[in-house]
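Engineer: Give the three-dimensional model of this entry:
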Amino acid sequence: MDTDLIFQVLAIVSEIPHGKVASYKQIAILIGRPQNARLVGKILSYASMYGDYPCHRVVNSAGRLVPGWFEQRDLLLEEGVIFKDNGNVDLKKCKWHIME
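Structural biologist: As a prediction, the model looks like this:
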């Protein structure tokens, strides 16, 4: 995998503020590859090989968490991220708007 692309993704993830979340698609758009949200997810699955990044702040476009990563919810709750009754992140309240 292209290391420049990996570090582009990780640089964006490192900018997501405490208490906010971004979607894989949002990150894909920011790197100029709007059709590659799954690639962003794959890169994030290997992020620990490159350092410590707040990957727990990335969810899918519906606010769903990573399947099987049970700590993600706890990490987000510790940051004050709000969840809806269905278990998804409340994107209306917690989505990162880059121009903030």
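Engineer: right, and the helix or strand after the lengthiest helix in the chain?
Structural biologist: With secondary structure taken from DSSP state H, the chain has its longest helix at helix 3-15. Using DSSP states H and E, the helix or strand that follows helix 3-15 towards the C-terminus is strand 22-23.
Engineer: That next one pairs with which strands, parallel or anti?
Structural biologist: Strand 22-23 has the following strand partners under DSSP bridges: strand 58-59 (parallel).
Engineer: circling back to that earlier point, in the longest helix of the chain, which of the residues would be classed as buried?
Structural biologist: Of the residues in helix 3-15, those with enough neighbours to count as buried (16 or more other C-beta atoms under 10 Å) are 6, 8-10, 12-13. (C-beta placed from N, C-alpha, C; glycine too.)
Engineer: How about stretch 44-61?
Structural biologist: Going through stretch 44-61 with 16+ other C-beta under 10 Å, the ones that come out buried are 44, 47, 53-59.
Engineer: how close does Gly32 get to Glu78?
Structural biologist: 32 Å (C-beta to C-beta, to the nearest Å).
Engineer: more neighbours, these two?
Structural biologist: Glu78 (11 against 8; other C-beta atoms under 10 Å).
Engineer: Kindly provide the distance from that one to Asp4.
Structural biologist: Using C-beta to C-beta, one obtains 32 Å as the distance from Glu78 to Asp4.
Engineer: Could you do Arg73 as well?
Structural biologist: Applying C-beta to C-beta, one obtains 32 Å for the distance of Arg73 from Asp4.
Engineer: will you turn the buried residues of stretch 44-61 into TSV that also has secondary structure and pLDDT?
Structural biologist: Below are those laid out as TSV (DSSP: H, G, I helix; E, B strand; the rest coil; pLDDT from 0 to 100):
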residue	secondary structure	pLDDT
Leu44	helix	97
Ala47	helix	95
Tyr53	coil	97
Pro54	coil	98
Cys55	helix	98
His56	helix	98
Arg57	helix	98
Val58	strand	98
Val59	strand	98
